[in-house]
Each structure stands twice: as structure tokens, then as C-alpha cells.
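Q: 3D model of this:
(one chain, ligands or ions: 1)
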Amino acid sequence: MSRIPKISWQEITPERVYLNRRQLMVGAGAALSAVALAACGVEPPAAAPAPASAAGESASPTATPDTRAPAAGATTDELGDPLNDFEQITNYNNFYEFSTDKQSVAKLAANFPLTPWTVTVGGLVDNPITYDMDDIRKAFDIEERIYRLRCVEAWSMVIPWMGFPLGKLLAAAGPKSDAKYVRFQTLHDPALMPGQNSTWYSWPYTEGLRLDEAMNDLAILSTGLYGKDLLPQSGAPLRLVVPWKYGFKSIKSIVSIELVAEQPNSLWMDAAPNEYGFYANVNPDVDHPRWSQASERRIGELGRRATLPFNGYAEQVAGLYDGMDLRKNF
Ligand code: MTE
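A: Numbers count the residues shown, from 1 in each chain. Next up is the predicted model:
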């Protein structure tokens with residue numbers, strides 16, 4: 001099991017310069033894999049086929065860079081922090097279905113087919129329904145939400161998402177009285193998502209929220225960012241964004257949303273239950289067993305900044321956890 005390096009080359013190279021260099025570096029697989037970090041800090045044992053190499057074998061050599069220009073809009077979050085730019089947001093991704101190497105995901109996911117795509121909403125609901133993406137866009141008003149995304153690995157970005165409140169979709173489905181949790185699932189198709197050939201993880205990627213968390217207005221289903229449809233590496237065509245929780249809760253490329261009575265398990269809870277809990281609220285006072293959560297590195301900045309409780313959204317969400325021990329419910 002390799003260790004998380006204390007410093008990565010993004011930290012010593014300005015992000016813009018680094019991203020331009022990446023075009024030249026992309027063929028240097030050995031150099032890239034030498035600095036590859038495991039998302040969320042869990043790595044396959046040496047004997048297991050690493051998702052990165054499995055994905056690399058099936059990468060399309062014809063993948064072309066995206067040319068869509070970001071839309072003009074607000075340039076800071078509500079705290080006054082500047083947005084990360086489109087290139088940063090779409091070239092530094094955790095998406096284990098494609099690779100464990102953040103800088104390789106965009107290329108490896110470039111040809112991931114987004115149509116046809118259906119999302120099933122079912123389980124303990126009065127009105128089970130299967131949407132295609134056109135249905136979703138017609139049924140829900142898409143708005144911009146500028147949120148901080150804080151990864152459990154202690155890096156963060158500010159992202160102008162396009163999306164709609166998850167609570168609106170759940171209300172339309174009509175949760176039954178015994179529905180207490182929401183379980184989300186990513187597409188499971190190892191032919192399209194080669195990382196799913198790794199036996200180290202319990203594919204498909206699943207995540208969960210308590211129903212009252214899911215109904216909070218901050219929790220959105222995102223269809224885009226910077227005014228454009230999501231690219232595959234960002235979780236197209238539909239992903240969850242829960243800004244007060246560590247990024248691994250924000251599950252990508254969703255095909256199923258199910259209302260359930262019991263707290264669901266997630267892929268990360270299965271992989272390392274002592275490291276990744278169900279709640280995963282951003283909390284500077286509760287360290288990851290292998291690193292501090294007191295500070296974070298904003299992508300594009302050189303120094304570190306203090307981690308904010310609930311990632312800066314305490315006013316809106318702290319009440320959801322009244323009376324709970326957040327060290328125990330990590
Ligand atoms: N969803 C799926 N299906 N697979 C993943 O590997 N990674 C998670 C989350 N959602 C992941 C996922 C993690 S660890 C983070 S930090 C965020 O996606 C990263 O989102 P981003 O790549 O858009 O920044």
C-alpha cells in the first residue's frame with residue numbers, strides 16, 4: 001500500500017501552467033502513475049489490478065479536448081472566493097469508474113456515451129417513475145448554484161453548478177411514510193467504465209442520504225456547470241451535489257434513486273468503514289484516520305486555508321444534526 005505524498009506537483013506548479021503542461025505529459029504514463037493518488041485515500045493492494053491501468057487499456061486514442069466555452073456569470077461564491085475555472089474543474093476529477101488518476105479521468109471518459117440515459121426513481125414512493133434526461137430538463141427548472149466542493153482528501157474547488165433541488169424530484173415521487181433514506185446508484189457497465197473491472201470495490205458506486213438531508217434545499221441534482229451540460233468526467237448526465245458533505249457523497253452518473261427504510265451502505269463504507277462514514281459532513285474537528293481535516297488546499301492556490309464546519313453551510317444545515325454526536329456519526 002503506497003502512501004499519500006506530502007506534496008504533489010500541483011502544489012509546486014501554478015495550476016494554469018500545470019494544466020497546459022499536461023497536454024505534453026499525458027503520454028508519459030509512468031510519470032503520471034508515479035504521482036497518482038487514490039481518491040479518498042484507499043488504494044487497491046499491489047496484487048489487485050489497479051483501476052487506472054484497466055482504464056488505460058481501453059482509453060480511446062481519438063479523444064479530443066472539449067472546446068465548449070464557459071458561460072459568463074458570477075465570479076465568486078457567497079464568501080467572496082473566486083470560482084475555479086472550467087479547465088481546473090474538468091481536468092482534476094475523482095471518478096474511479098475510469099481511473100484513480102485524477103488527471104487521466106477526462107481523457108478516459110471522453111467517449112462515455114450519455115444517450116440513451118434513464119434515471120429510475122422508485123422504492124418507497126407513491127409515484128415511481130423513470131425519467132430520460134429530456135424529461136428531467138422539462139420537469140425541473142435548471143438554476144445556477146455556486147458551491148464549494150470539499151474532497152475528503154483535503155482539496156477543494158468553487159464550482160458554478162447547473163441543477164435543481166433534489167427535494168423537488170423526491171416530492172414529485174411522493175415518499176411513503178416509511179421512507180427514511182435515499183439510496184443513489186451509478187451506472188454499472190464495466191465495458192463502458194473499465195475501472196469497474198477492479199474487484200477491490202463493491203461496484204456499482206452507491207451513496208445515501210437521510211431523507212431530511214435530501215430534502216434540504218442545498219442538495220441538488222446537477223446537469224451542468226458553467227452554463228453547459230456536464231462533461232462525462234464531472235458525472236454526466238446527472239450527479240448529486242451535497243455541498244456540506246465531503247465530495248465522495250456527491251455521486252456521479254446516477255441511474256437509480258430509491259427511497260428506502262434503512263440506512264443504505266455506500267461503496268466507501270464497504271471499502272473502509274473506519275475511514276468513511278455515512279454522514280461525511282465536512283468537519284475540521286474530526287480528522288480522517290490518516291490525515292488532518294483542519295485545513296484544505298483550494299485548487300489554484302498555493303497555501304492552505306482553514307476548513308469550515310459543514311464547508312461553510314452550517315447556518316443552513318447544522319440543525320439537521322441537533323443532538324447527534326458528530327464524532328461518532330462521522
Ligand atoms: N461518483 C462516482 N460514481 N465515482 C467516483 O469515483 N468520486 C467522488 C464523487 N463522486 C466518485 C463519485 C469523489 S471522492 C469526489 S471528491 C467527487 O466525486 C469529485 O467530483 P469532481 O471530480 O467533479 O470534482
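Q: now the strands for the stretch 201-330 of the chain?
A: 206-210, 220-225, 228-229, 239-241, 254-260, 295-298, 305-306 (DSSP state E, counting those that start in this stretch).
Q: Which among these is found nearest to residue 167?
A: Using Cβ to Cβ as the measure, strand 220-225 is the one of the strands of the stretch 201-330 of the chain that comes nearest residue 167, at 9.1 Å. Heads up, the C-betas are built off the backbone N, CA and C, glycines and all.
Q: Kindly calculate the angle that that closest one makes with strand 254-260.
A: Relative orientation of strand 220-225 versus strand 254-260 (axes from the mean of the first three to the mean of the last three Cα atoms, to 10 degrees): 170 degrees.
Q: so what's the residue nearest to residue 311 when sequence neighbours are not counted up against?
A: Leaving aside its sequence neighbours, residue 311 sits nearest to residue 282 (Cβ to Cβ, 6 or more residues apart in numbering; 3.9 Å). The contact partners of residue 282, taken as Cβ atoms under 8 Å, 6 or more residues apart in numbering, are 150, 244-246, 293, 307-311.
Q: wait, which of these is closest to the ligand?
A: Proximity of the contacts of residue 282 to the ligand (Cβ to the nearest ligand atom) peaks at residue 246, which lies at 7.0 Å.
Q: Tell me the spacing between that closest one and residue 237.
A: Counting by Cβ to Cβ, to the nearest Å, the gap from residue 246 to residue 237 is 23 Å.
Q: cool, residue 126 as well?
A: Residue 126 is 26 Å from residue 237, by Cβ to Cβ.
Q: More neighbours: those two, which one.
A: A count of neighbours by other Cβ atoms under 10 Å puts residue 237 above the other of residue 126 and residue 237, at 23 against 9.
Q: Next up, the contacts around the more buried one.
A: Counting by Cβ under 8 Å, 6+ apart, residue 237 touches 114, 117, 133, 223, 229-230, 253.
Q: from the middle of its chain, how far away would stretch 264-283 be?
A: Its chain's C-alpha centre and that of stretch 264-283 lie 14 Å apart, by Cα atoms, centre = their mean, to the nearest Å.
Q: picking up where we left off before, what about the contacts of residue 237, which are in helices?
A: residue 133 (DSSP state H).
Q: Neighbour-wise, which one of the contacts of residue 237 leads?
A: Within the contacts of residue 237, residue 253 tops the neighbour count with 26 neighbours, counted by other Cβ under 10 Å.
Q: Could you pull up the residues touching that residue?
A: 97, 112, 186-187, 232, 235-239.
Q: And for residue 120?
A: Taking Cβ under 8 Å, 6+ apart, one finds 128-130, 255-258 in contact with residue 120.
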